[in-house]
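[1] what's the 3D shape of this:
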Amino acid sequence: MSVDPRIGLLVGREWSFPPAFIDAVARRQSGVTADYISLDAMQMAQPIPYSLIIDRISHEVGFYRTVLKHATRMGVTVVNNPFMWSADDKFYDATLAVQHGVAHPKTVVLPNKDYIPGISHSESLRNLAYPLNWKGVADYIGFPCVLKDAHGGGWRDVYVCDSMEELLHHYNHSGLLTMVVQEFIKWDAYVRCMVLGREHVLVMPYDPRERRYIPDPDFLGKDLEAQCTRDALTLCRALGYDMNTVEFAVRDGVPYAIDFMNPAPDMDINSLTPSYFEWVVEHMADLAIKLATAPRPERVSDPIIGASQSSR
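    Residues are numbered from 1 along each chain as shown. Here you go, the predicted structure:
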């Protein structure tokens with residue numbers, strides 16, 4: 001006897017999106033159910049009783065990430081693909097954007113400042129040039145610039161540097177983090193695009209200084225909004241993300257992709273505002289039902305880099 005498709009929701013402390021999403025799935029009366037997934041110690045090759053899992057927290061919980069990789073091997077569709085998310089970083093994203101024709105700030109990845117115990121600078125790091133060519137970095141990037149964690153998010157470990165002294169100060173306190181330094185885009189307008197299902201895009205004006213959304217449907221104008229929509233779709237399709245936000249800083253009419261490694265984007269009603277929140281909940285419900293009833297293999301690599309692979 002066949003079992004109706006089932007959606008599992010993996011969440012952290014967020015309180016507004018999860019119940020709204022579960023209610024939206026139920027209201028559609030599609031035969032698909034959604035509930036909170038419950039995880040315990042797991043055996044190898046143990047079946048997962050879901051067709052689809054929506055992941056909102058595994059970037060912070062290693063056990064969850066391991067289980068989700070296992071789930072894809074067992075035939076479950078996971079949003080977002082845990083293999084791609086594990087490989088993603090801001091330097092990879094910069095190269096991906098350039099290869100796909102999307103404007104991106106000039107970016108350099110830096111060797112770590114510090115290393116775990118047991119790493120000998122003279123023996124373990126013989127492949128690293130020393131001293132670091134800081135003049136070359138500054139000549140390429142210019143000032144002001146932005147120093148940030150290549151794997152970070154939520155505005156953590158991000159520093160705007162106006163001089164070499166400031167850049168070196170923050171780099172020297174970066175510890176074990178792998179940092180990138182980027183050209184600072186003095187923007188005329190700033191937007192954050194919610195991209196769902198690699199198909200639907202909501203362009204939301206955003207103030208990064210106050211970290212708040214600005215409900216204004218005519219903020220960019222039709223042509224520039226269309227450009228942001230196309231570029232956001234290009235990036236998310238290349239990454240294989242079904243749930244992501246892409247931020248653009250617009251300078252002289254050109255949208256620069258600033259940050260698009262947000263595959264568990266903020267979906268709280270208080271930050272999104274009610275109108276944007278409703279759009280997100282409804283589109284996520286439609287996407288989840290579609291993927292639960294017509295699952296697809298998870299892709300591991302970007303087609304521009306090499307042949308796609310299936311995790312199943």
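
[2] elements contacting the helix or strand in which V280 is found?
    Assignment of secondary structure by DSSP states H and E places V280 within helix 274-293. Here helix 274-293 touches strand 6-10, helix 17-27, strand 52-55, strand 77-79, strand 189-196, strand 200-207, going by 3 or more C-beta pairs under 8 Å, 6 or more residues apart in numbering; DSSP states H and E. Just so you know, the C-beta spots here come from the backbone N, C-alpha and C atoms, and that holds for glycine as well.

[3] kindly recompute the last result at 7 Å.
    Helices and strands touching helix 274-293, by 3 or more C-beta pairs under 7 Å, 6 or more residues apart in numbering; DSSP states H and E, are helix 17-27, strand 52-55, strand 189-196, strand 200-207.

[4] now the ones you listed as a markdown table including distance to D89, mean neighbour count and mean pLDDT?
    Converted to a markdown table, those look like this (distance: least, C-beta to C-beta, whole Å; neighbours: other C-beta atoms under 10 Å; pLDDT from 0 to 100):
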| stretch | distance to D89 | mean neighbour count | mean pLDDT |
| --- | --- | --- | --- |
| helix 17-27 | 26 | 17 | 98 |
| strand 52-55 | 18 | 26 | 98 |
| strand 189-196 | 19 | 23 | 97 |
| strand 200-207 | 23 | 19 | 96 |
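
[5] now the worst-scoring helix or strand of the chain on mean pLDDT: buried residues?
    In the chain, the helix or strand scored least confidently by mean pLDDT, DSSP states H and E is helix 82-87, which has a mean of 86. For helix 82-87, burial by neighbour count (16 or more other C-beta atoms under 10 Å) applies to 82-85.

[6] that helix packs against which elements?
    helix 62-73.

[7] and the helix it packs on, what's its mean pLDDT?
    Helix 62-73 shows a mean pLDDT of 95.

[8] downstream neighbour of the least confident helix or strand of the chain in the secondary structure list?
    helix 90-99.

[9] identify each buried residue in that next one, please.
    Buried-residue list, helix 90-99, by 16+ other C-beta under 10 Å: 90-94, 96-97.

[10] now stretch 128-135: average pLDDT?
    94.

[11] next one: stretch 97-113
    98.

[12] with stretch 168-175 instead?
    98.

[13] with just CA atoms, put it into CSV.
    What follows is stretch 168-175, C-alpha atoms only, in CSV (Å, rounded to 0.1, in the frame of the first residue of the first chain):
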residue,chain,number,x,y,z
LEU,A,168,45.8,44.1,9.1
HIS,A,169,44.3,44.7,12.5
HIS,A,170,41.1,42.8,11.8
TYR,A,171,43.0,40.1,9.9
ASN,A,172,45.4,39.6,12.8
HIS,A,173,42.4,39.0,15.1
SER,A,174,40.6,36.5,12.8
GLY,A,175,42.0,33.4,14.5
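
[14] chain center to that stretch: distance?
    Stretch 168-175 has its C-alpha centroid displaced from the chain centroid by 25 Å (C-alpha atoms, centre = their mean, to the nearest Å).

[15] quick one: the helices in the stretch 201-312 of the chain?
    For the stretch 201-312 of the chain, the helices defined by DSSP state H, counting those that start in this stretch cover 222-239, 269-272, 274-293.

[16] return the closest of the buried residues of helix 90-99 with respect to L110.
    F91 (9.5 Å; C-beta to C-beta).

[17] SS state for H169?
    helix (DSSP: H, G, I helix; E, B strand; the rest coil).

[18] residues touching it, list them.
    Residues in contact with H169 (C-beta atoms under 7 Å, 6 or more residues apart in numbering): none are found.

[19] measure it to L147 for me?
    As judged by C-beta to C-beta, to the nearest Å, H169 and L147 stand 10 Å apart.

[20] out of the helices of the stretch 201-312 of the chain, nearest to R28?
    Nearest of the helices of the stretch 201-312 of the chain (C-beta to C-beta): helix 274-293, 6.3 Å.

[21] that closest one vs strand 200-207, what angle?
    On the basis of axes from the mean of the first three to the mean of the last three C-alpha atoms, to 10 degrees, helix 274-293 is oriented at 150 degrees to strand 200-207.

[22] distance from helix 274-293 to the middle of the chain?
    18 Å.

[23] again, but for stretch 179-198
    12 Å.

[24] and if you look at stretch 15-31?
    With C-alpha atoms, centre = their mean, you get 23 Å for stretch 15-31.

[25] likewise for stretch 19-38?
    With C-alpha atoms, centre = their mean, you get 24 Å for stretch 19-38.
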